[in-house]
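> Whatever this is, show me its structure:
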Amino acid sequence: MIINPQYLISNEIITFPETIDIDKHTQQNGIDIDCVTLTELTGTLNISEKHKESVTSAPVSLNDDVWHLKKGSVYEFNSSFEVSVPSNMGGSVIGRSTFNRAGILIRSSWFDSGFKGTLGGTIYCSNDCMLTKGTRIGQFIMHEAASAKLYDGQYQGKKS
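The predicted model follows:
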């Protein structure tokens, strides 16, 4: 079951800066999140059960508050929204339909029960994109979950 976004706001499960007009961000089943930081991901992921060497991440330059995202590139973004996922919930970010229809895919991994931190995700560009800082790019949706345990991983409390 999808959790009502008004419940997430009123119970401060999701928080945001005072400058955000939350009514503009509240949708039928989720909450639109913005993009306030952006890095380009490049290189090779080298991973096994014993070793993890991640790809490189480099900040993307802003030109008059606009990022130029290049076709074929992959980016990681963070929003200005924070989440504190209760033990009976989990969530993810999906892209807004405007981006999807333009061949720009936005998604995240699962935000496990117990996760606390910044909401963010990944942008996959099949086309060039001019993205203004602060634009609503994805929707955070929370679901009911019967968790086996709470998240206690390396990203706990950190920027995603």
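
> how about the helices of the chain, start to end?
5-10, 22-25, 97-101 (DSSP state H).

> Which strands or helices does the lowest-mean-pLDDT helix or strand in the chain pack on?
Ranking every helix and strand in the chain by mean pLDDT, DSSP states H and E puts strand 52-53 at the bottom, with a mean of 90. Judged by 3 or more Cβ pairs under 8 Å, 6 or more residues apart in numbering; DSSP states H and E, strand 52-53 is in contact with strand 46-47. Where you see a C-beta, it was placed from the backbone N, CA and C, and this is true even at glycine.

> Now stretch 118-134: buried residues?
Under the neighbour-count criterion of 16 or more other Cβ atoms under 10 Å, stretch 118-134 has 118-125, 129, 131 buried.

> let me fix that: stretch 79-93
For stretch 79-93, using 16+ other Cβ under 10 Å, the buried residues are 79-86, 89-93.

> Identify, from the residues you listed, the entry nearest to Leu41.
Nearest to Leu41 among the buried residues of stretch 79-93, counting by Cβ to Cβ, is Val93 at 16.1 Å.

> Would you mind listing the residues in contact with the spatially closest residue to that closest one that is not a sequence neighbour?
Among residues not flanking Val93 along the chain, Ser108 sits closest, at 3.8 Å (Cβ to Cβ, 6 or more residues apart in numbering). Counting by Cβ atoms under 8 Å, 6 or more residues apart in numbering, Ser108 makes contact with 92-93, 119-122, 138, 160.

> if we go to 10 Å?
Counting by Cβ atoms under 10 Å, 6 or more residues apart in numbering, Ser108 touches 33, 76-77, 91-95, 119-122, 138, 140, 160.

> likewise Asp32?
By Cβ under 10 Å, 6+ apart, the residues touching Asp32 are 5, 20, 22, 24-26, 79, 81, 93, 96, 135-140.

> those strands in this structure, which residues are they?
Remark: strands assigned in the chain by DSSP state E are 14-15, 31-34, 37-42, 46-47, 52-53, 56-59, 66-69, 74-84, 89-95, 104-107, 116-125, 129-132, 136-144.

> Out of the contacts of Asp32, the closest to Thr37 would be?
Here the nearest of the contacts of Asp32 to Thr37, counting by Cβ to Cβ, is Ser79; it sits at 8.5 Å.
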